[in-house]
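Student: Generate a structure from the sequence data that follows.
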Amino acid sequence: MAFKKSVRIIKKIREAPGLWRFVSLDRVKGRYIWDKRPGYYFIEWWEGKKRKRTLAGLTPTEAIDAQRRKSHELIGELMAGTGRGMPAPSKEGTATPIADAVRMFLDHVKVHSPDKPKTHARYRKVLDHFSRVLSARKYAEAITRADIDDYKSARSRETSEQHKGRIITPRTINYEISVLRTFFYFLARERGLPIENPCARFKALKDPQTKARRRPPTYAQNDLDRIFEKCDPYERTVFATLLLTGLREEELYFLTWADADLKDASNASIRVTPKEGFSPKDYEERVIPIPEELAVMLKKLPRTATWIFPNKNGGQTNHLLRRLKEIAEEAEVQKATLHKFRHTYATRLLESGTDIVTVQTLMGHSDIETTRQYLNPDETLKRQAVNRLSLNPQG
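Tutor: Below is the predicted model:
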């Protein structure tokens with residue numbers, strides 16, 4: 001990096017009461033030999049013919065971070081042609097405009113994950129916020145940890161575009177920083193940019209909802225009874241499949257007859273496999289055993305298309321949520337969603353005594369912490385567990 005050597009670390013040491021002086025640090029093979037005497041680290045650089053110096057911290061780590069930040073800042077100023085006493089950038093300048101970096105990253109995502117358009121769209125939205133909030137920064141190499149901290153602060157004061165008036169949640173901001181971390185790792189590792197990831201080891205914002213470990217919403221049995229009562233046989237099979245397999249909505253849409261093993265109803269299963277336009281989340285294929293009751297229901301469906309649940313024209317269905325809302329309204333069931341069937345599936349498995357690793361595999365979770373959120377039992381189960389306690393367990 002051109003400016004790495006122009007920002008050097010020095011130390012201010014105390015030689016006697018009231019007597020301080022700056023000393024240079026020795027270097028061996030490009031690495032500093034840190035002076036153990038008490039004092040303060042400074043960074044030093046030149047702007048034209050004028051030497052600049054600023055406090056960097058008390059520790060070598062703070063000094064290195066300060067040197068890195070200033071080096072990136074100087075590169076950004078050089079490429080923008082705004083540095084005092086600095087020449088305008090030449091065509092061979094090494095700094096990468098943020099707009100170009102974003103384009104390269106999104107092109108990379110599109111090429112390597114063509115079957116994940118929703119991921120591409122989410123990444124684009126995050127990077128749009130990033131470019132807008134940090135619009136004063138023009139070059140990727142100039143972004144520092146302080147800029148990322150400013151980004152978090154700015155976003156925490158903004159309101160959601162989707163939910164008007166709702167402040168952006170810590171969970172959303174943490175997700176956005178994770179996307180930016182992936183973005184900067186791409187620039188460093190895939191494109192070879194000489195940068196340190198400003199999002200590495202970032203401190204996640206505390207989320208009161210996550211801290212409270214609220215269990216995802218589930219359907220009560222009487223809600224399910226009322227919903228299924230209003231369904232025709234086909235709709236009953238569709239929603240029973242969601243409830244008894246834990247499939248995600250998109251996984252259900254891409255379910256084909258080739259994915260279903262229904263020969264022996266007592267040993268039936270379905271598979272979640274990649275197809276054109278679809279990859280399982282985290283690219284995890286999985287086999288899900290299904291209850292005999294569901295296998296019998298699936299066998300009764302007409303095989304009029306490749307998909308198990310096609311639309312009227314034989315293509316993929318995409319209207320299930322709308323139909324569920326209509327049925328739920330008739331059944332007087334509040335807050336009905338397709339994903340709620342999946343939550344109910346996981347919760348019931350855990351409450352029935354299924355071990356968490358098995359549930360993680362059935363759900364297709366890459367992180368067991370995602371599965372652990374379903375472990376918080378409701379008050380009824382807590383009461384049942386406590387009522388089994390006794391002063392005389394053998395009695």
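Student: Output the residue ranges of the strands in this protein, listed in chain order.
Tutor: 8-16, 19-24, 27-28, 31-32, 39-47, 50-57, 260-261, 269-272, 286-289 (DSSP state E).
Student: Make a markdown table out of those strands and add mean neighbour count, mean pLDDT and distance to Thr317.
Tutor: C-beta coordinates here come from the backbone N, C-alpha and C atoms, glycine included. Listed next are the strands of the chain as a markdown table, based on neighbours: other Cβ atoms under 10 Å; pLDDT from 0 to 100; distance: least, Cβ to Cβ, whole Å:
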| stretch | mean neighbour count | mean pLDDT | distance to Thr317 |
| --- | --- | --- | --- |
| strand 8-16 | 15 | 84 | 63 |
| strand 19-24 | 11 | 83 | 71 |
| strand 27-28 | 9 | 71 | 66 |
| strand 31-32 | 12 | 78 | 62 |
| strand 39-47 | 18 | 85 | 61 |
| strand 50-57 | 13 | 84 | 59 |
| strand 260-261 | 17 | 94 | 16 |
| strand 269-272 | 19 | 94 | 16 |
| strand 286-289 | 15 | 92 | 20 |
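Student: among the ones you listed, which is nearest Asp65?
Tutor: strand 50-57 (7.6 Å; Cβ to Cβ).
Student: Show me what that closest one pairs with in its sheet, parallel or antiparallel.
Tutor: Under the criterion DSSP bridges, strand 50-57 sits next to strand 39-47 (antiparallel) in its sheet.
Student: Dump the C-alpha coordinates for the partner strand into CSV.
Tutor: Extracted in CSV, the C-alpha atoms of strand 39-47 (Å, rounded to 0.1, in the frame of the first residue of the first chain):
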residue,chain,number,x,y,z
GLY,A,39,4.5,6.6,27.5
TYR,A,40,2.0,7.3,24.7
TYR,A,41,2.0,6.2,21.1
PHE,A,42,1.6,8.7,18.3
ILE,A,43,1.2,8.5,14.6
GLU,A,44,3.1,10.9,12.3
TRP,A,45,2.7,11.8,8.6
TRP,A,46,3.4,14.6,6.2
GLU,A,47,1.0,16.8,4.4
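Student: tilt between it and strand 19-24?
Tutor: 60 degrees (axes from the mean of the first three to the mean of the last three Cα atoms, to 10 degrees).
Student: which residues are in contact with strand 39-47?
Tutor: With contacts defined as Cβ atoms under 8 Å, 6 or more residues apart in numbering, strand 39-47 is touched by 6-14, 20, 22, 51-60, 62-63, 66-67, 70, 74, 83-86.
Student: thinking again about what came up before, with distance to Ala140 as extra columns, can I get the strands of the chain in JSON lines?
Tutor: Output for the strands of the chain, formatted as JSON lines (distance: least, Cβ to Cβ, whole Å):
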{"stretch": "strand 8-16", "distance to Ala140": "24"}
{"stretch": "strand 19-24", "distance to Ala140": "32"}
{"stretch": "strand 27-28", "distance to Ala140": "28"}
{"stretch": "strand 31-32", "distance to Ala140": "26"}
{"stretch": "strand 39-47", "distance to Ala140": "21"}
{"stretch": "strand 50-57", "distance to Ala140": "23"}
{"stretch": "strand 260-261", "distance to Ala140": "48"}
{"stretch": "strand 269-272", "distance to Ala140": "37"}
{"stretch": "strand 286-289", "distance to Ala140": "38"}
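Student: Nearest to Phe202 among these would be which one?
Tutor: Nearest to Phe202 among the strands of the chain is strand 50-57; the distance by Cβ to Cβ comes to 19.3 Å.
Student: Compute the inter-axis angle for that closest one and strand 8-16.
Tutor: Comparing the axes of strand 50-57 and strand 8-16 via the same axes, to 10 degrees yields an angle of 70 degrees.
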